[in-house]
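Enquirer: No letters, just coordinates:
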């Protein structure tokens with residue numbers, strides 16, 4: 001779990017670097033989406049590891065992991081709802097690239113980045 005958590009922390013930091021900018025070029029927008037996808041994958045897998053390691057719970061899908069994180073009080077109701085929407089958005093953009101959809105997602109990613117940062121820190125703080 002330590003290696004994946006370390007990777008997740010670095011990935012979230014890299015995403016944060018990009019979303020710190022209000023105006024993005026097309027290349028930067030593409031990078032934000034790629035970093036978002038990568039962060040999301042690491043975060044749900046870290047959540048899976050966290051549940052197994054600290055609660056003896058084993059879930060195999062991202063949405064089930066997110067719901068279980070709420071059950072163990074790592075995420076609250078609002079964060080869980082947002083994380084589930086984030087999962088839907090990640091799946092949508094992973095299977096279809098549409099510029100209009102990408103531009104809508106970019107706006108959401110600014111908010112998702114805050115959630116991933118909080119989610120990461122909550123898991124990291126529980127490890128100690």
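Expert: Now that the structure is in, tell me what you want to look at. Since this is a predicted model, take the numbers as computed values, not measurements.
Enquirer: and residue 23, how far is that from residue 54?
Expert: In this view, residue 23 and residue 54 are 41 Å apart by C-beta to C-beta, to the nearest Å. For the C-beta atoms, the positions are set from N, CA and C on the backbone; glycine is no exception.
Enquirer: More neighbours: which of the two?
Expert: Higher neighbour count among residue 23 and residue 54: residue 54, with 14 against 5, using other C-beta atoms under 10 Å.
Enquirer: Which of the helices or strands spans that one?
Expert: Applying DSSP states H and E as the criterion places residue 54 in helix 26-55.
Enquirer: I'd like to know which elements that helix is packed against.
Expert: In terms of contacts (3 or more C-beta pairs under 8 Å, 6 or more residues apart in numbering; DSSP states H and E), helix 26-55 is packed against helix 2-19, helix 62-71, helix 77-95, helix 99-127.
Enquirer: Going by neighbour count, list what's buried in the second one.
Expert: This points to helix 62-71. Buried residues in helix 62-71, counted by 16 or more other C-beta atoms under 10 Å: 62, 64, 65, 66, 68, 69, 70.
Enquirer: now those as a markdown table including distance to residue 38 and pLDDT?
Expert: Formatted as a markdown table, those follow (distance: C-beta to C-beta, whole Å; pLDDT from 0 to 100):
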| residue | distance to residue 38 | pLDDT |
| --- | --- | --- |
| 62 | 14 | 97 |
| 64 | 21 | 98 |
| 65 | 17 | 98 |
| 66 | 17 | 98 |
| 68 | 22 | 98 |
| 69 | 19 | 97 |
| 70 | 23 | 97 |
